[in-house]
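Asks: task: produce atomic coordinates for the following.
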Amino acid sequence: MSGHVPVMLQEVLATLRPRSGATYLDATFGGGGYAEAILAAADCTLWAIDRDPDAIARGAALAARHPGRLHLVHACFGDMLESLAAQGVTSLDGVVMDLGVSSFQLDQAERGFSFRADGPLDMRMGREGPTAADLVNTLPEAELARIIAEFGEERHARRVAKAIIRARGESPIDTTARLAEIVRRAVPRDPSGIDGATRSFQALRIAVNDELGEVERGLVSAMRLLAPGGRLVVVAFHSLEDRIVKRAMTDAAGKRGGASRHDPASMLARAAPDFALVTPKALKPGEDETSANPRARSARLRAIERLTPAQVHA
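Replies: Residues are numbered from 1 along each chain as shown. Below is the predicted model of the structure:
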């Protein structure tokens, strides 16, 4: 599938370990790169979810090449439990989630995700709900500053919010180029060379799509769906998502720091965890991949496996 380069593909396949006769879920179909590789790796059944109707439409050709094996579902991956149950699927042998924005979305100016080409200020992964333009033109200054600070980790969030309020008072902000210029003027030049608009654009995209809420819901749902021996493999691209993934997986594996030994709660017996960490530390892409695909640089892969009953009680 041209136009999209799946990140850490070999690491994903090696960790997921697709096998014939099993059933898997690509929870973030996107450009179809993972899906295509999983279908080629084993004679398995693959369900694929995406909230973007364009991604589902693009996937029709891949589904036609694998009749009866690839099933596309238009939905948010945070709703995978309900979406798959409606299809009669209640158990999976593996789930892969790529939390990055699809290259197709970034590269299409009309989708409004990127400041690198001018387009309408949209940023919706689906085609429903408020756009980024709605947010920047209607939210109070304090709320804009909170979103940009919390989701963009932008130190100058208050200055950016103030600049947006001032600019929208002159005329509505409805293009990516205008917003990017407003933000760049409000923040000091980054010595690392990162575009000054990067963090604010990330923040608005996360807010528009409720990305962090989706990640939390998706992780819980995926773990519920996993059959014993099944693996959840997640590739995250920024620290906010990776922290959520790390916390959810370490919690499920019973690896989070416990109570102090001086705390009476530490004397209580803990239930045996149902999961084990496959990756005690996040895997990172190799130098060859990051040289060929700079978008892979920030990728972090984490995985967890549901234990069999015998392993739980061993």
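
Asks: is it true that residue 285 touches residue 9?
Replies: No. At 9.9 Å, residue 285 does not count as touching residue 9 under the criterion of Cβ atoms under 8 Å. The C-beta positions use only the backbone N, C-alpha and C, and glycine is treated the same way.

Asks: of those two, give the one with the bigger neighbour count.
Replies: When residue 285 and residue 9 are compared for neighbours, residue 285 comes out ahead with 23 against 19, by other Cβ atoms under 10 Å.

Asks: so what's the more buried one closest to, chain neighbours aside?
Replies: Spatial nearest neighbour of residue 285, excluding adjacent residues (Cβ to Cβ, 6 or more residues apart in numbering): residue 296 at 4.5 Å.

Asks: so how far is stretch 79-86 off the chain centroid?
Replies: 18 Å (Cα atoms, centre = their mean, to the nearest Å).

Asks: quick one: the strands in the stretch 201-314 of the chain, in order.
Replies: For the stretch 201-314 of the chain, applying DSSP state E, counting those that start in this stretch gives strands covering 226-236, 275-277, 300-306.

Asks: for stretch 272-290, the distance to its chain's centre please.
Replies: For stretch 272-290 - counting by Cα atoms, centre = their mean - the centre lies 16 Å from the chain centre.

Asks: let me fix that: stretch 226-235
Replies: Going by Cα atoms, centre = their mean, where stretch 226-235 is centred and where its chain is centred differ by 16 Å.

Asks: residues in contact with it?
Replies: The contact list for stretch 226-235 (Cβ atoms under 8 Å, 6 or more residues apart in numbering) reads 7-8, 12, 15-17, 91-100, 219, 222-223, 245, 249, 278, 299-309.

Asks: equivalent analysis for stretch 284-299, please.
Replies: Counting by Cβ under 8 Å, 6+ apart, residues outside stretch 284-299 touching it are 5, 7, 8, 11, 100, 103, 235, 236, 237, 238, 300, 301.

Asks: buried subset of those residues, written for ChimeraX?
Replies: For the buried members of the contacts of stretch 284-299, the matching ChimeraX selection, counting by 16 or more other Cβ atoms under 10 Å, is:
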select :7,8,11,100,103,235,236,237,238,300,301
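
Asks: any idea how far the residue nearest to residue 285 lies from residue 84?
Replies: Separation of residue 296 from residue 84 (Cβ to Cβ, to the nearest Å): 29 Å.

Asks: what about residue 240, how many residues nearby?
Replies: The burial count for residue 240: 19, using other Cβ under 10 Å.

Asks: what does the pLDDT read for it?
Replies: Per-residue confidence (pLDDT) for residue 240: 92.

Asks: can you tell me the closest non-neighbouring residue to it?
Replies: Going by Cβ to Cβ, 6+ apart, residue 240 has residue 212 as its nearest residue, at 6.2 Å.

Asks: shaky segments in the stretch 51-200 of the chain?
Replies: 100-115 (pLDDT under 70).

Asks: which parts of it are strands?
Replies: Going by DSSP E, counting those that start in this stretch, the stretch 51-200 of the chain shows strands at 70-74, 92-98.

Asks: can you put these in a markdown table and add distance to residue 27 and mean neighbour count?
Replies: As requested, these are arranged in a markdown table below (distance: least, Cβ to Cβ, whole Å; neighbours: other Cβ atoms under 10 Å):
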| stretch | distance to residue 27 | mean neighbour count |
| --- | --- | --- |
| strand 70-74 | 10 | 20 |
| strand 92-98 | 5 | 26 |
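
Asks: turn the ones you listed into JSON lines, including distance to residue 229.
Replies: Output for those, formatted as JSON lines (distance: least, Cβ to Cβ, whole Å):
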{"stretch": "strand 70-74", "distance to residue 229": "22"}
{"stretch": "strand 92-98", "distance to residue 229": "7"}
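
Asks: and residue 147, which of those strands is closest to it?
Replies: strand 92-98 (23.5 Å; Cβ to Cβ).

Asks: the closest one to strand 300-306, inter-axis angle?
Replies: Put simply, strand 92-98 runs at 160 degrees to strand 300-306, going by axes from the mean of the first three to the mean of the last three Cα atoms, to 10 degrees.

Asks: how about the contacts made by the most centrally placed residue in the chain?
Replies: Nearest to the geometric centre of the chain sits residue 99, at 1.7 Å (Cα atoms, centre = their mean). Residues in contact with residue 99 (Cβ under 8 Å, 6+ apart) are 28, 211, 215, 234, 235, 236, 237, 241, 245.

Asks: noted, bye for now.
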